[in-house]
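Undergrad: sequence plus the predicted model coming up.
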Amino acid sequence: VIAVVGPFHSGKSHLLNRLMGMHTSGKGFRLGYTVEPTTKGVWMHLVRQHSGAQPGSLVAFLDTEGFAASDTSSDYDAKIFALAALLSQHLVYNSVRIIDSAAVDYLELLARRARLFQTKAAFALHGTAGEAPMDPANPLAFPHLTWVVEDFFQ
């Protein structure tokens, strides 16, 4: 599972369409050409691999609603991020033009909130009466992270 997260209108759907090889077919994620967000919540496409280590296997691509939109809160952003981070084996953070301290700080905040959600879920599943809430060899594992910086004007 590969998930792409990032600020609204940063090109997440476009990047995913390119990763899936669907950027010219019109069969991938819908792209938005207005100020209105196109992706709401989390969307998924399954793509069969034709090459690589396991030809024929399915890969799930998750497209997420953008962060910091005018009609959403940081709590909502944290839930979208947590869902994407906990479901994926590889998380792509997509941004536009530069990586600044505000973006790093916001990503850290979202990661901390996702980790808190994961910890609460682990305790809810395994209890707190002397049982280990998670595997000590892999405590609160997060997916691999790639930060993609797109260089285009919107």
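TA: Everything's here; your move. Numbering: from 1, shown residues only.

Undergrad: right, and the helix or strand after the helix or strand hosting Asp63?
TA: Of the helices and strands defined by DSSP states H and E, Asp63 is found in strand 58-64. Where DSSP H and E defines the elements, the next helix or strand beyond strand 58-64 is helix 74-87.

Undergrad: could you check the angle the helix ranked longest in the chain makes with helix 74-87?
TA: In the chain, assigned by DSSP state H, the helix with the most residues is helix 101-126. With axes from the mean of the first three to the mean of the last three C-alpha atoms, to 10 degrees defining the directions, helix 101-126 sits at 60 degrees from helix 74-87.

Undergrad: chain neighbours aside, what residue packs nearest to Leu83?
TA: Val42 (5.9 Å; C-beta to C-beta, 6 or more residues apart in numbering). Where C-beta positions appear, they are placed from N, C-alpha and C, glycine not excepted.

Undergrad: who does the one you found bridge with?
TA: Thr64 (DSSP bridges).

Undergrad: so Thr39 is in contact with Thr64, correct?
TA: Yes: counting by C-beta atoms under 8 Å, Thr64 is a contact partner of Thr39 at 6.7 Å.

Undergrad: so for those two, which sits in the more crowded spot?
TA: Neighbour count, other C-beta atoms under 10 Å: between Thr39 and Thr64, Thr64 has more, with 24 against 20.

Undergrad: from what I see, that one and Ile80 are in contact.
TA: Yes: between Thr64 and Ile80 there is a contact at 5.2 Å, judged by C-beta under 8 Å.

Undergrad: show me whatever sits in contact with both of the two.
TA: Val5, Gly41, Val42 (C-beta atoms under 8 Å, 6 or more residues apart in numbering).

Undergrad: Phe8: neighbouring residues, count only.
TA: If you count neighbours by other C-beta under 10 Å, Phe8 ends up with 19.

Undergrad: try the one 4 residues further on
TA: Neighbourhood size, Lys12 [other C-beta under 10 Å]: 29.

Undergrad: good, we can wrap up now.
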